[in-house]
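Colleague: no sequence on this one, just coordinates:
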């Protein structure tokens, strides 16, 4: 069972990191005209219900909603569940949050869970590689 979870995590990470190379962040206005959509998404990110919280975090990353950056960073700092901290780290990478990725770097150095440190290190390393590649491509 432990190997299966590790495999699923690796597949999820590879899928997310590969797909983000060609993506662009969005405003909530690009996705929906509902005036409460952002408020509801942020409320979901801070929800006490783990399912609602994880789905809200996931959708913030899936649609790359840049307005959720501060809520995600706040939740990352306060989150108790290791797998949710990893998910938030992936989403911050997906939306291209430089401020959020600095928090991911801190997570990679200071988290008490080895898995969270390892995954956040890989996420931050991927961010550095992509930012260096784009810097060299612009010259």
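Modeller: Noted; the coordinates are in hand. No experiment lies behind these values; they were computed from the predicted model shown.
Colleague: where does residue 34 land on pLDDT?
Modeller: At residue 34, the model reports a pLDDT of 77.
Colleague: can you report how many residues lie near it?
Modeller: 11 (other CB atoms under 10 Å). To be clear about C-beta, it is placed using only N, CA and C from the backbone, and glycine gets the same treatment.
Colleague: which residues of the chain fall in helices?
Modeller: For the chain, the helices defined by DSSP state H cover 2-19, 28-31, 37-45, 50-62, 69-78, 82-95, 98-110, 114-137.
Colleague: list the buried residues of the last one.
Modeller: Going by neighbour count (16 or more other CB atoms under 10 Å), the buried part of helix 114-137 is 116-117, 119-124, 126-127.
Colleague: distance to residue 24 added to these, as JSON lines?
Modeller: Below are the buried residues of helix 114-137 laid out as JSON lines (distance: CB to CB, whole Å):
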{"residue": "116", "distance to residue 24": "28"}
{"residue": "117", "distance to residue 24": "30"}
{"residue": "119", "distance to residue 24": "24"}
{"residue": "120", "distance to residue 24": "23"}
{"residue": "121", "distance to residue 24": "26"}
{"residue": "122", "distance to residue 24": "23"}
{"residue": "123", "distance to residue 24": "19"}
{"residue": "124", "distance to residue 24": "21"}
{"residue": "126", "distance to residue 24": "17"}
{"residue": "127", "distance to residue 24": "16"}
